[in-house]
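Peer 1: fold the stuff below for me.
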Amino acid sequence: MDEKTIFVKTESGRQVSVRSMKRKLRDVFVMVDGGMKLVEISKQIGDRDATEAVLRKLEKAGLIEKLVVPTQHAEAGEHEDVPVLTKTVASPVQVHEEMGPTGSPMLEYESMPPSPPPAFLAAAPAVGARRRRIKTLFAQARALAAVTKQPVPGSERRASRPRTRMTSIGTRKKTEDGVMAYQPAPSRRVFLEQVERERRSGWPTLTLSALAGSVVLLTLVLLLYPYGHHVSDIERNASVMMQDRVKIGDIGLDLLPTPHIVLRDIEVGGDAPYLRIAEARATPELLSLLREKKVFRELSLDKVAVSEAGIGRLARAVAGTPSVDIRRIALNDLALSIGGELLEGFDGEVDLTAMGAVEAIDLRNAGETLKVRLQPQDETYRVTATGNDWRPSFKPDMKFEWLEAEGDLRSGNLDLHRIDMRAYGGLLTGKAALSWAGGAMLAGDIELKHENASELLAAIGSDLIAEGDLNAHLKLAAKADTLAGLVAAVYANGDFKVDRGTAKGFNLAEATHGPVWGGETKFKQLSGSVVCDPDACRLGDLRLTSGLLTAAGNLVVARAGSLSGAMQVDLKGSVTTLGTRLAIGGSAKNPLLTPGMTQKQAMPLSMPTFLPTALIEFPAG
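Peer 2: Model (predicted):
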């Protein structure tokens with residue numbers, strides 16, 4: 001194709017809309033104005049081959065045609081007087097072998113900005129016809145000037161300014177390097193820029209506005225919805241789950257941190273409620289509220305108070321109905337009333353089965369030093385307790401490095417079949433039974449292994465001081481009106497042995513020569529029996545060995561701290577054994593040993609044990 005070829009739009013090309021053309025077709029088509037040559041269009045597009053291919057495609061579609069102008073014939077030496085303007089009209093060939101609904105050829109189109117305003121479209125035909133007449137006159141003048149060597153009228157006036165050519169949608173100006181640059185008309189450029197901005201930013205704005213409106217509308221609906229109409233339905237479903245009457249004081253909705261329903265002042269148990277919940281927060285799966293079965297991801301219960309009568313009844317509760325499904329239950333600040341005592345400050349969770357039944361209740365105290373797992377079985381709970389660095393809330397003030405216990409909890413009693421504890425350097429194992437129905441009772445059987453004697457005595461509040469490795473086997477029993485009164489009413493009976501220790505405050509060897517306050521006696525072993533009641537502890541059948549020194553006797557430690565008793569001290573020599581009888585007096589903090597007591601002052605060297613057998617019976621199993 002000749003690089004000087006000039007194309008003009010055909011009648012069909014002037015009527016077709018460039019908005020629906022592909023970008024490559026559109027860029028070339030808008031430059032076809034009857035003035036630009038092929039080489040100029042190629043420079044604007046930047047690819048000669050691609051430009052020729054597009055022009056051929058447009059020409060084949062009948063949208064453009066070649067402008068043929070007579071040229072000077074050097075061989076003949078003659079010039080045409082008048083330029084002959086002819087055109088070659090291409091037959092309308094189907095680009096896609098298909099004609100449009102109006103019979104005009106169809107091109108490949110892509111989406112374009114919206115159509116110009118109606119006023120622009122109305123004025124376009126008249127303006128276009130006038131421009132075409134002007135272009136035709138100038139083309140004939142240029143052709144005539146090329147033959148006659150006469151200047152084109154008005155060319156002198158235009159020579160002093162950059163060459164500019166008008167098109168239907170803008171202008172082309174020659175730059176300093178001679179390249180024709182296309183610049184859209186101001187009004188059209190502003191319009192296109194505005195359309196492009198609206199196309200890019202319009203849909204996010206509309207989307208965000210729609211979302212914001214939906215959120216505001218949903219919030220208003222949720223806040224203003226009359227939830228009070230559903231209280232009776234909720235009470236009915238809750239009564240089915242608890243298998244008892246449930247009463248709800250108030251209902252509402254909170255949106256933070258996630259939307260949830262709030263129930264307040266809940267009571268279970270009719271006129272004598274055994275379960276009170278200050279507030280319950282139910283977090284639903286929002287879409288399930290539109291279905292027949294409502295699903296709640298979590299039910300959080302705050303300030304839960306359970307009375308003694310409710311322990312057995314709560315074991316029958318379920319966490320679901322055919323119309324309600326609860327996935328998780330959280331407990332906050334739970335308080336349990338047992339035997340007149342309030343155990344409070346527990347948090348935890350309720351594990352549920354796939355059918356909604358309560359599988360287990362996990363509780364933990366404030367410091368998480370004690371954790372209790374309750375597994376309901378009919379009206380009984382299987383209890384598993386674990387602890388680390390746990391201090392009981394009752395006296396004596398003892399600390400257990402770790403503990404494990406298993407048992408059963410029923411309404412009115414707790415049976416611990418296995419107890420394993422580590423405290424004061426040793427182990428404590430055994431079992432215990434606690435009852436609070438009609439008064440509090442305790443029965444226990446424990447064994448101490450390798451305990452630090454001085455630390456243990458200090459923990460139970462004894463003023464006696466003894467060092468060594470303590471092993472003991474004790475049976476415990478107590479009876480009182482309340483659980484809190486059991487500690488002061490404990491009876492204990494058993495035996496003990498201390499290896500490689502020291503009896504602080506008792507200097508037996510020195511006491512054989514005269515009265516002695518204080519001192520100490522190191523020993524290889526100290527053994528005996530112990531009987532304790534609420535008034536005193538009696539140590540009988542005491543046997544102490546320390547090298548050449550041996551001692552036997554008994555000792556009574558009153559609750560007030562006074563001491564009484566007697567000891568027979570034998571000191572072996574190389575030839576004979578020196579025996580001395582000592583009287584024990586003073587106090588646990590400051591013992592007094594006096595030798596040479598008379599028979600009248602002497603106390604029995606062994607004492608009968610006494611412990612109410614009715615208090616130490618364990619329940620079967």
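
Peer 1: direction included, what does the strand or helix carrying G468 pair against?
Peer 2: Using DSSP states H and E, G468 sits in strand 466-480. Here the strand partners of strand 466-480, with direction, are listed using DSSP bridges: strand 440-452 (antiparallel), strand 490-504 (antiparallel).

Peer 1: could I get the buried residue list for the longest one?
Peer 2: Same thing as strand 490-504. By neighbour count, with 16 or more other CB atoms under 10 Å as the criterion, the buried positions of strand 490-504 are V490, Y491, A492, N493, G494, F496, V498, G501, T502, A503, K504. In short, each C-beta sits where N, CA and C put it, glycine included.

Peer 1: which two in the residues you listed are spaced the farthest apart?
Peer 2: The two members of the buried residues of strand 490-504 with the most space between them (CB to CB) are Y491 and T502, at 29.0 Å.

Peer 1: returning to what we had before: what mean pLDDT does the strand holding G468 get?
Peer 2: The average pLDDT within strand 466-480 is 94.

Peer 1: output that strand as PDB, nothing but the C-alphas.
Peer 2: Presented in PDB, the C-alpha positions along strand 466-480 are these (Å, rounded to 0.1, in the frame of the first residue of the first chain):
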ATOM      1  CA  ALA A 466      10.500 -32.100 115.200                       C
ATOM      2  CA  GLU A 467      12.700 -32.700 112.200                       C
ATOM      3  CA  GLY A 468      13.000 -35.900 110.100                       C
ATOM      4  CA  ASP A 469      11.400 -38.200 107.500                       C
ATOM      5  CA  LEU A 470       7.800 -38.800 108.700                       C
ATOM      6  CA  ASN A 471       5.700 -41.800 107.700                       C
ATOM      7  CA  ALA A 472       2.200 -42.300 109.200                       C
ATOM      8  CA  HIS A 473      -1.100 -44.100 108.800                       C
ATOM      9  CA  LEU A 474      -4.100 -42.300 110.200                       C
ATOM     10  CA  LYS A 475      -7.900 -42.700 110.300                       C
ATOM     11  CA  LEU A 476      -9.900 -39.500 110.500                       C
ATOM     12  CA  ALA A 477     -13.500 -38.800 111.700                       C
ATOM     13  CA  ALA A 478     -15.500 -35.700 112.500                       C
ATOM     14  CA  LYS A 479     -19.100 -34.600 113.100                       C
ATOM     15  CA  ALA A 480     -20.400 -31.100 113.300                       C
END
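
Peer 1: neighbours of the residue nearest to D362 when sequence neighbours are not counted, just the number please.
Peer 2: The shortest distance from D362 to any residue that is not its chain neighbour, by CB to CB, 6 or more residues apart in numbering, is 4.8 Å, and that residue is G348. Summarising burial for G348: neighbours were counted as other CB atoms under 10 Å, giving 22.

Peer 1: G348 touches L334, doesn't it?
Peer 2: Yes: under the criterion of CB atoms under 8 Å, G348 lies in contact with L334, with a separation of 6.7 Å.

Peer 1: shared neighbours of these two, which are they?
Peer 2: L363 (CB atoms under 8 Å, 6 or more residues apart in numbering).

Peer 1: now do the buried residues in stretch 445-463.
Peer 2: By neighbour count on 16+ other CB under 10 Å, the buried set for stretch 445-463 is D445, I446, L448, E451, N452, A453, S454, E455, L456, L457, A459, S462.

Peer 1: same check, this time on stretch 515-530
Peer 2: V516, G519, E520, T521, F523, L526, S527, G528, S529, V530.

Peer 1: just stretch 342-350 next, same as before
Peer 2: Within stretch 342-350, the residues that qualify as buried by neighbour count (16+ other CB under 10 Å) are F346, D347, G348, E349, V350.

Peer 1: in the sheet, who's paired with the second one?
Peer 2: In this structure, D347 has the following beta-bridge partners (DSSP bridges): R364.

Peer 1: check it and give its pLDDT.
Peer 2: At D347, pLDDT is 94.

Peer 1: tell me what angle the helix or strand containing M421 forms with strand 440-452.
Peer 2: M421 is part of strand 413-423, with elements assigned from DSSP H and E. For strand 413-423 and strand 440-452, the angle between their directions (axes from the mean of the first three to the mean of the last three CA atoms, to 10 degrees) works out to 10 degrees.

Peer 1: mind giving me the packing neighbours of strand 413-423?
Peer 2: Other helices and strands packing on strand 413-423, by 3 or more CB pairs under 8 Å, 6 or more residues apart in numbering; DSSP states H and E, are strand 400-410, strand 426-435.

Peer 1: how about the ones you listed in JSON lines, adding mean neighbour count, mean pLDDT and distance to R328?
Peer 2: As requested, these are arranged in JSON lines below (neighbours: other CB atoms under 10 Å; pLDDT from 0 to 100; distance: least, CB to CB, whole Å):
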{"stretch": "strand 400-410", "mean neighbour count": "17", "mean pLDDT": "92", "distance to R328": "23"}
{"stretch": "strand 426-435", "mean neighbour count": "18", "mean pLDDT": "94", "distance to R328": "32"}
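
Peer 1: could these go into TSV alongside distance to L563?
Peer 2: Below are these laid out as TSV (distance: least, CB to CB, whole Å):
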stretch	distance to L563
strand 400-410	30
strand 426-435	26
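
Peer 1: so which of those comes closest to K37?
Peer 2: When the helices and strands packed on strand 413-423 are compared for distance to K37 using CB to CB, the nearest one is strand 400-410, at 97.7 Å.

Peer 1: these two touch, right, A385 and L374?
Peer 2: No: at 9.7 Å, A385 does not count as touching L374 under the criterion of CB under 8 Å.

Peer 1: okay, these two: which has more neighbours?
Peer 2: The residue with more neighbours, out of A385 and L374, is L374; 22 against 18, by other CB under 10 Å.

Peer 1: secondary structure class for the residue nearest in space to the middle of the chain?
Peer 2: When the chain is reduced to its mean C-alpha position, the nearest residue by CA atoms, centre = their mean turns out to be P257, at 11.6 Å. The assignment at P257 comes out as coil when based on DSSP: H, G, I helix; E, B strand; the rest coil.

Peer 1: may I ask you to confirm that A440 is in contact with G339?
Peer 2: Yes: with the criterion set as CB under 8 Å, A440 and G339 qualify as a contacting pair; they are 5.3 Å apart.

Peer 1: ok, back up a step: now for the buried residues of stretch 445-463: which two are most distant?
Peer 2: Spanning the widest gap among the buried residues of stretch 445-463 are D445 and S454, at 24.9 Å by CB to CB.

Peer 1: adding pLDDT and distance to D47, write the buried residues of stretch 445-463 out as TSV.
Peer 2: Formatted as TSV, the entries for the buried residues of stretch 445-463 read as follows, by pLDDT from 0 to 100; distance: CB to CB, whole Å:
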residue	pLDDT	distance to D47
D445	95	101
I446	94	99
L448	95	99
E451	94	97
N452	93	96
A453	92	102
S454	91	101
E455	91	96
L456	89	99
L457	89	103
A459	87	96
S462	85	105
